[in-house]
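Chemist: How does the following fold in three dimensions:
(chains A and B)
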Amino acid sequence: MGQIDWIMYLTATTLYALSSVIYIYCLVFKKEERINIAVNSALIGLLFHSVSIALRWIETGHGPYISMFEVLSKYAWFSVVIFLLAQQKYEKIKSAGFIVMPVALLMMGVGSTYPKDIQMIPASLRSYWLIAHVGFASLAFGSVLVAVGIAALYILKERRSGSIAGESGDADSFYNRLPSLKVMDELMYRFVASGLLFLTIMIGAGAIWANQTWGRYWGWDPIETWSLVSWFTYAICLHLRMNAGWTGKRIAWYIIFSIFVLAFSAFGVGYVYSGLHTSYLTS
Amino acid sequence: MDFNITEKISIFFKSRTLAIVLILLIIIFSIIGTHIPQESQLKPDVYNTWKTNHPTQAAIFEKLGFTHLFSSFIFLSLALLLFINTLFCTRNMLNSAFRRLGNKQYQKNAFISGLENSNVIKTEKEHKSVISAISYVLKSRGYKVSQEENSIFAQKNRLGVMGTSLFHVCILFIIAASVYGSTGRMEGDMRLIEGQTLREEHGNYMFINEGPFFNEQHRKFDISLEKFYPDYKDEAGTPLGPAGKLAITENGKNVKTGIVYLNNLMTYKGYTFLGNVYGLAPLLILINQDGAVISGSYITASDLDNSGRYVASFEMGDTGLEGGLMVYMTSPLTQKITQSDAEQTPIMFLKVFDKGKEIYDGTLRLNETAKINDDKYLGFYGIKYWSNFYVVKDKGTLLVYAGIVLITASLMVIFFVIPKKVWVEVTNEGGITEVYIGGRADKFRSLYEEEYYDIISKIEARLSNGTD
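Modeler: Now for the predicted structure:
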């Protein structure tokens, strides 16, 4: 790995760490006014991160999807991008960074422990469908991670205010600056819905890639099965919300727990099972 | 009584709780299936090793059908139940969606006032100009406006009501397409030595699986492996892995030629050719002391441990001679891609047995001959590559792809084409015109507030100033 892109990577990681600390500080001490420092740190970190990815891309001749170092870096990048865009559109959810940024930092940190050697792209991975597959997997993870951040804020605000009816009464200024519980509930729904859409495209692109490479679009390989399990998990989430009246705290907890299923299918499957994807995911 | 049973069945199958229970069960079984070795996904030796090491577990799981879980009766039954459940739910959803699509829903102020987003605007303007101003604002925001005497019903993104039904139709379509594809599917491995031509028919496959509705529909064209490249490179010199140049001929005419490697498959008449394992095929010829050929053939040898050494056992026709060989190249195979790799001086270690008794153990280089008994010689007169090509015919694949595209589109409709409605009733009492106005989105209702109040402010501005 080149020196410059590694320095950029470390700088990005440091800025994400700073951003995470400030987000958590703002949440714990209810200092909403400092939150812009966290946003700016994340933004500057993202710039360094983008340059790091671009330099490595030029150096290796392929996108960030071959080694685990690249894969984790890519997931972190997409998560930060989606979060920054989301907080730009819905300004009041900035505090959700207290979940998103530490998770991005964790991915950067864990990624840095993997070998950073430049690997030639194996023949089986030379496909535009693979690029779509891994790109949409990252988008799905990023969207759901933002939903988790909002779900956590929802639970905190709900706990603080006791109930929707009582929210305006004794809620302090920090919680008042958050969107209303109803709006947060809908934002969770919206980000999970986007996640499900991206997961669908991810599975579709993966199926086409698998058919080109192995002659079948579905083979119940462990990672295929787990991606379907993740898809079902979020499909059930939306089903429960739309048809069974699961809104608010219940669905917020569901969203928080279900990201572990998605994270397992994205990062964990390669370590637990042997299969076609394994060597790629654990390299 | 019959009616009750039919109704009960219908209620049972259109239950959304049933859908969630079935999906949960499918999730649980799928996870079980990833933990228990699946016979169809493993090489036979790997699966047999697991069976030997875990005899009790293997016996129990095999009896339960869990070693081929994804095609087991229980899993297929769950999938079938989910299909029926989705079918019933979809029928209901479609009925409801079409009903909502066709309805013009004018409402009175009692309904409008009960909406979360509702306002009453009072103005001295006359009834007609009020209706006209509101219609103008709503139309400018992309609403389709219908009006009768005192009421307005405006809606936007009305096709969004079809999203959920379309999504479920797509799920049914994908399941049906994959069932159609798998029952009419054919897959097999065809082994070709460089220069060899085989006809596409059942008997020429090393292994073959045909779905119940494939019905031996082989097209019987001819496939030749013109050349095999163990490390194929493109024009830019990028290594692309092993590749085979295939040619297809039909009725004596070359109809297609292509190089097959990973992610670069070749298709012809619905058949897809993918690269698979490959190896070396030394040509062994048995001759008598007069030089007449007794028997001879290319022996396909495989590199079983990725060591670069290719091994095979063989029989020499009906001579009763048999043996084993190991062949390798003295220089790396990957150096040349345009010339024959046979130029790279292969070396063969050979053992020959006559009725179980070893009669020869030695080394042969290309074009060398060894005397194996009093009147027979065995010659090593050539070497070529062989490759297995995985051949698949699955008519359902394109339908499944279409289903994936449609399901993606339907999700976009569900989450981005949100039906929005505005109801207005205009009343006039004592010279004051009262406008009852309310709006609602089918989803993300809280997020709709911003758009709704923007509409209200524009209507108010238009009623007071005559402009937005």
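
Chemist: From now on I want contacts and neighbour counts done on CA atoms only, so please keep to that.
Modeler: Fine.

Chemist: So for stretch B:356-367, what gets flagged as buried?
Modeler: By 16 or more other CA atoms under 10 Å in any protein chain shown, the buried positions in stretch B:356-367 come out as B:360-361, B:363-366.

Chemist: before we move on, what about stretch B:458-468?
Modeler: B:458-460, B:462-463.

Chemist: Likewise for stretch B:18-37?
Modeler: Residues of stretch B:18-37 classed as buried: B:18-20, B:22-24, B:26-27, B:29-30, B:33-34, B:37 (neighbour count, 16+ other CA under 10 Å).

Chemist: one step back: please convert the buried residues of stretch B:356-367 to TSV, extending it with distance to chain A, pLDDT and secondary structure.
Modeler: Formatted as TSV, these follow (distance: CA to the nearest CA, whole Å; pLDDT from 0 to 100; DSSP: H, G, I helix; E, B strand; the rest coil):
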residue	distance to chain A	pLDDT	secondary structure
B:Tyr360	42	91	strand
B:Asp361	39	92	strand
B:Thr363	35	93	strand
B:Leu364	35	92	strand
B:Arg365	33	90	strand
B:Leu366	32	87	coil
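
Chemist: List the residue ranges of the chain that fall below the pLDDT cut-off.
Modeler: Going with chain A. Low-confidence segments of chain A (pLDDT under 70): A:1, A:162-172, A:274-283.

Chemist: ah, I was thinking of chain B
Modeler: In chain B, residues with pLDDT under 70: B:1-3, B:104, B:331-344, B:466-468.

Chemist: Pop the domain breakdown of it in here.
Modeler: Structural domains annotated on chain B: B:2-99, B:103-157+B:418-465, B:182-277+B:391-406, B:278-387, as defined by automatic domain parsing.

Chemist: closest one to A:Leu18 among those?
Modeler: Proximity to A:Leu18 (CA to CA) singles out domain B:103-157+B:418-465 among those, at 32.0 Å.

Chemist: So is the closest one next to chain A?
Modeler: Yes - using CA under 8 Å from any CA of the partner chain, domain B:103-157+B:418-465 reaches chain A at B:444-447.

Chemist: tell me the helices in the stretch 101-250 of chain A, going along the chain?
Modeler: For the stretch 101-250 of chain A, the helices defined by DSSP state H, counting those that start in this stretch cover A:128-161, A:167-170, A:173-177, A:181-214, A:222-243, A:248-263.

Chemist: Sorry, wrong one. I was asking about chain B.
Modeler: Counting by DSSP state H, chain B has helices at residues B:2-13, B:16-35, B:44-53, B:55-64, B:73-102, B:109-113, B:127-140, B:163-183, B:397-416, B:445-465.

Chemist: For A:Lys249, which of the ones you listed is the nearest?
Modeler: Among these, if distance is taken as CA to CA, the winner is helix B:445-465, at 16.8 Å.

Chemist: Identify the residue nearest B:Asp361 in space, chain neighbours excluded?
Modeler: Take B:Asp361 and drop its neighbours on the chain: the residue closest to it by CA to CA, 6 or more residues apart in numbering or on different chains is B:Lys351, 4.4 Å away.

Chemist: and that neighbour, what does it touch?
Modeler: B:323-325, B:358-362 (CA atoms under 8 Å, 6 or more residues apart in numbering or on different chains).

Chemist: at 7 Å what do you get?
Modeler: The neighbours of B:Lys351, taking CA atoms under 7 Å, 6 or more residues apart in numbering or on different chains as the test, are B:323-325, B:360-362.

Chemist: any idea how far it lies from B:Glu315?
Modeler: 12 Å (CA to CA, to the nearest Å).

Chemist: Common neighbours of those two, please.
Modeler: With CA under 7 Å, 6+ apart, B:Lys351 and B:Glu315 have common neighbours B:Gly323.

Chemist: out of everything not next to it in sequence, what's closest to residue 108?
Modeler: Let's take chain A. Closest residue in space to A:Met108, ignoring its immediate chain neighbours: A:Ser73 at 5.7 Å, by CA to CA, 6+ apart.

Chemist: I was thinking of chain B, sorry if that wasn't clear
Modeler: Nearest residue to B:Lys108, sequence neighbours excluded (CA to CA, 6+ apart): B:Glu425, at 6.1 Å.

Chemist: Quick check: the one you found touching B:Glu149?
Modeler: No - contact criterion CA atoms under 7 Å: B:Glu425 and B:Glu149 do not qualify, at 9.3 Å.

Chemist: between those two, which one's more packed in?
Modeler: Using other CA atoms under 10 Å in any protein chain shown as the criterion, B:Glu425 and B:Glu149 rank with B:Glu425 on top: 24 against 10.

Chemist: got the contact list for the more buried one?
Modeler: Contacts of B:Glu425 (CA under 7 Å, 6+ apart): B:108-109, B:150-152, B:435-437.

Chemist: What residues does chain B have near chain A?
Modeler: By CA under 7 Å from any CA of the partner chain, the residues of chain B that approach chain A are B:20, B:23, B:27, B:30, B:34, B:240-241, B:262-263, B:265, B:274, B:392, B:404, B:408, B:411, B:415, B:444, B:446-447.

Chemist: Can you report how many residues neighbour the residue nearest to A:Met108?
Modeler: A:Ser73, neighbours per other CA under 10 Å, totals 28.

Chemist: thinking again about what came up before, need the buried residues of stretch B:18-37 in TSV with distance to B:Tyr377, can you?
Modeler: As requested, these are exported to TSV (distance: CA to CA, whole Å):
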residue	distance to B:Tyr377
B:Leu18	74
B:Ala19	72
B:Ile20	73
B:Leu22	69
B:Ile23	67
B:Leu24	68
B:Ile26	63
B:Ile27	63
B:Phe29	60
B:Ser30	58
B:Gly33	55
B:Thr34	54
B:Pro37	48
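
Chemist: Pick out the most distant pair among the residues you listed.
Modeler: Farthest-apart pair in those is B:Leu18 and B:Pro37; separation 29.3 Å (CA to CA).

Chemist: circling back to that earlier point, mind checking which of the contacts of B:Glu425 are in strands?
Modeler: Using DSSP state E, the members of those that fall within strands are B:151-152, B:435-437.

Chemist: Among these, name the buried ones.
Modeler: When the ones in strands among the contacts of B:Glu425 are checked for burial by 16+ other CA under 10 Å, the buried set is B:151-152, B:435-437.

Chemist: Can you tell me which of the residues you listed is nearest A:Val261?
Modeler: Using CA to CA, these come closest to A:Val261 at B:Ile437, 45.0 Å.

Chemist: Please list all residues in contact with the closest residue to the closest one other than its chain neighbours.
Modeler: Distance criterion CA to CA, 6+ apart; nearest residue to B:Ile437, sequence neighbours excluded, is B:Val424 at 4.5 Å. B:Val424 makes contacts with B:151-153, B:435-438, as judged by CA under 7 Å, 6+ apart.
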